[in-house]
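# sequence plus predicted model, see below.
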Amino acid sequence: MNGSNVFRRPVTTTERMYFPMRELAPPFLMQLVVPGEGNIDPDALRTAVTTAAAATPGARLRRRGNEWVDSDIAPAVRVLDHRLSYPALETDPVLTGAIGPTPDATVEVLLLAGAPTTLIFRVFHGVMDGIGMVAWVTNVLRALRGDDPVPQPDPIADQELVARIGAPGRPTPMVPRYRTAVGRGRQRRDLAPHLLRHRRIAAAGSGALARVCALLAAETPGTSRIMMPVDLRRHDPALRSTANLALPLFLDIEPGRDWISIKDQIKAGLHERRELNQLASTRITLVPDPINRSVLRTTNWLGARLGRNLASATVSHMGRFTADELAVPGFRPTGLFVLPQHSIAMPLLFGLTEFDGHTDLTVSARNGAGIEARLEALLDRIVAMLEADLPAPSPADRQR
């Protein structure tokens, strides 16, 4: 490529905090999983990935000092005869393996040929946020259908956007004092450091995120602090970027609060643009990497041993999808869900997606003595609550 026209952008302060996580909470990847019926030709998939990456240069980035630079190398496509290891996904060798083919790679695509055929898009959080990953995935599926991908040419991440539009106030102080709905548990070498679980819920509808927040608060001693990532693209609808463009809206919730009041709290925070304030709190990452790693290890210890966390949980809703909009020749998706990255700084990271009248709920949890049983019981309560409160799939949805 002509050096003057190479897609590049600075590594932001938000993204700097993710580099130590690759060592402390490997593989530290967001993973979007699309199981389905039928088959996908590997060569057609490789061609589609190359076509989509040309329109989505954020999928081809490599770090060069303090910049992300387009390598002009399409993400690798690996074809594996494998079925995911439900329910304990943290034991799955594919999901827990390193990204490839080289250590500096940031995105890859897996095609699992074991029934059901499954696509897995794996992304290092340093180059994309969740919405950026969804844009990348939909571009690959568009290319598989023979449609033109939607170009994502803007080399803009959170730091530049916030500098342009401004923050209305001060960041929320980050103090490790919040409990979590699964309690604390001493970490042991004979236990997996993190758990990764998925539940398919036979219901979907408005208010799922607020309802989950309300239940988490009801299960947690004292005030809960829930971190809800907010898509900054809402401040510039013309922006076409897959970069990290999400900042947290913090929700402090007392036990017993109903979900409607939490939904109103979210609306008020968005109206006041409070998520923009939080970029200032990422400046701590400008310290040398060894200090950054030490701070993260201390944060993990305080949460695991003393139950004192910077936040009680992260809860994200990644959108609503249908099989009709995602289908490609020879392959029809039967679901779509996002597996969150592990984190030693956060005890629980929940992801929600809606697909054809169902809700997919996923969680990464910091593990410890007694945590697994408490997490499974918590997931049971969330599933029961959503299935009781939200509409069940229509007969047409059930047949898909």
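Cool, the structure landed. Numbers count the residues shown, from 1 in each chain.

# low pLDDT regions in the stretch 1-150 of the chain?
Within the stretch 1-150 of the chain, the stretches with pLDDT under 70 are 1-4.

# which residue ranges of it form strands?
When assigned using DSSP state E, counting those that start in this stretch, the strands of the stretch 1-150 of the chain occupy the ranges 8-10, 29-38, 61-64, 67-70, 76-80, 107-112, 117-124.

# next, give phi and psi for Asp289.
phi -50, psi -40 (degrees, to the nearest 10).

# gap between the closest residue to it other than its chain neighbours and Pro288?
Leaving out its chain neighbours, the residue that sits closest to Asp289 by CB to CB, 6 or more residues apart in numbering is Pro20, at 6.2 Å. All C-beta spots, glycine's among them, are computed from the backbone N, C-alpha and C. Relative to Pro288, Pro20 is positioned 11 Å away (CB to CB, to the nearest Å).

# show me how far stretch 212-225 is from its chain's centre.
Mean-position distance between stretch 212-225 and its chain equals 21 Å (CA atoms, centre = their mean, to the nearest Å).

# just to revisit the earlier point, to Ser261, which of the strands of the stretch 1-150 of the chain lies closest?
When those are compared by CB to CB, strand 29-38 sits nearest Ser261, at 30.5 Å.

# pairing partners for that closest one, with directions?
Strand 29-38 has the following sheet partners, assigned by DSSP bridges: strand 117-124 (antiparallel), strand 331-333 (antiparallel), strand 337-339 (antiparallel).

# include mean neighbour count when you put these into CSV, please.
Formatted as CSV, the strands paired with strand 29-38 follow (neighbours: other CB atoms under 10 Å):
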stretch, mean neighbour count
strand 117-124, 24
strand 331-333, 20
strand 337-339, 24
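
# any idea which of these gets closest to Val212?
Ranking the strands paired with strand 29-38 by proximity to Val212 (CB to CB) places strand 337-339 first, at 14.6 Å.

# from the chain's centroid, how far away is that closest one?
7 Å.

# so what touches that strand?
30-33, 89, 95, 130, 133, 196, 198, 316, 318, 351, 353, 355, 360, 362, 364 (CB atoms under 8 Å, 6 or more residues apart in numbering).

# any low-confidence regions in the stretch 251-400 of the chain?
395-400.

# ends of stretch 84-94, how far apart?
8 Å (CA to CA, to the nearest Å).

# now stretch 111-123
Distance between the two ends of stretch 111-123: 15 Å, counting by CA to CA.

# same check, this time on stretch 232-252
21 Å.

# that one: which residues count as buried?
For stretch 232-252, a neighbour-count test (16 or more other CB atoms under 10 Å) marks 232-233, 235, 240-251 as buried.

# which among these gets closest to Met385?
Nearest to Met385 among those, with distances taken as CB to CB, is Leu251, at 17.8 Å.

# you'd agree the closest one is up against Asp264?
No - using CB atoms under 8 Å, Leu251 is not in contact with Asp264, being 11.0 Å away.

# all helices for the stretch 151-300 of the chain, in order.
Per DSSP state H, counting those that start in this stretch, the stretch 151-300 of the chain carries helices over the ranges 158-165, 208-218, 259-271, 289-306.

# deepest-packed of those helices, please.
helix 208-218 (a mean of 22; mean count of other CB atoms under 10 Å).

# I'd like the distance from that one to the chain centre, please.
Per CA atoms, centre = their mean, the centroid offset for helix 208-218 relative to its chain is 18 Å.

# and for stretch 228-237?
The mean C-alpha position of stretch 228-237 is separated from the chain mean by 15 Å, CA atoms, centre = their mean.

# quick check: mean pLDDT of that stretch?
Over the span of stretch 228-237, the pLDDT mean works out to 98.

# Throw the strands of the stretch 1-150 of the chain into CSV and include distance to Ala388, thanks.
Below are these laid out as CSV (distance: least, CB to CB, whole Å):
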stretch, distance to Ala388
strand 8-10, 46
strand 29-38, 26
strand 61-64, 44
strand 67-70, 45
strand 76-80, 38
strand 107-112, 34
strand 117-124, 30
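
# quick one: residues contacting the residue lying closest to Ala181 once chain neighbours are set aside.
Closest residue to Ala181 apart from its sequence neighbours, by CB to CB, 6+ apart: Glu219 at 3.9 Å. Contacts for Glu219 (CB under 8 Å, 6+ apart) come out as Ala181, Leu378, Arg381.

# how close does the last one sit to Glu219?
I take that to be Arg381. The gap separating Arg381 from Glu219 is 7 Å, by CB to CB.

# now the helices for the stretch 1-150 of the chain?
13-16, 21-24, 42-55, 130-145.

# now these in CSV, with distance to Ser71 and mean neighbour count?
Shown next, in CSV, are the helices of the stretch 1-150 of the chain (distance: least, CB to CB, whole Å; neighbours: other CB atoms under 10 Å):
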stretch, distance to Ser71, mean neighbour count
helix 13-16, 17, 21
helix 21-24, 18, 17
helix 42-55, 10, 19
helix 130-145, 15, 22
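
# please report how far Gly357 lies from Thr117.
According to CB to CB, Gly357 and Thr117 sit 22 Å apart.

# swap in Gly58?
26 Å.

# kindly report the same for Gly100.
For Gly100, the distance to Thr117 - CB to CB - is 21 Å.

# do Ser71 as well
Taking CB to CB, one finds Ser71 at 29 Å from Thr117.

# kindly report the same for Ala218.
39 Å.

# now do Ile131
From Ile131 across to Thr117, the span is 25 Å (CB to CB).

# for Arg22, same thing?
Counting by CB to CB, the gap from Arg22 to Thr117 is 29 Å.

# out of Pro20 and Pro288, which sits in the busier spot?
Pro20 (21 against 8; other CB atoms under 10 Å).

# ok, now which ones touch the more buried one?
Contact analysis of Pro20 by CB under 8 Å, 6+ apart lists Asp289, Asn292, Arg293, Leu296.

# pretty sure the last one is touching Met21, no?
Yes - at 7.4 Å, Leu296 and Met21 qualify as touching, with contact defined as CB under 8 Å.

# what is in contact with the two at once?
Common contacts of Leu296 and Met21, defined by CB under 8 Å, 6+ apart, comprise Ile344.

# done for today, thanks.
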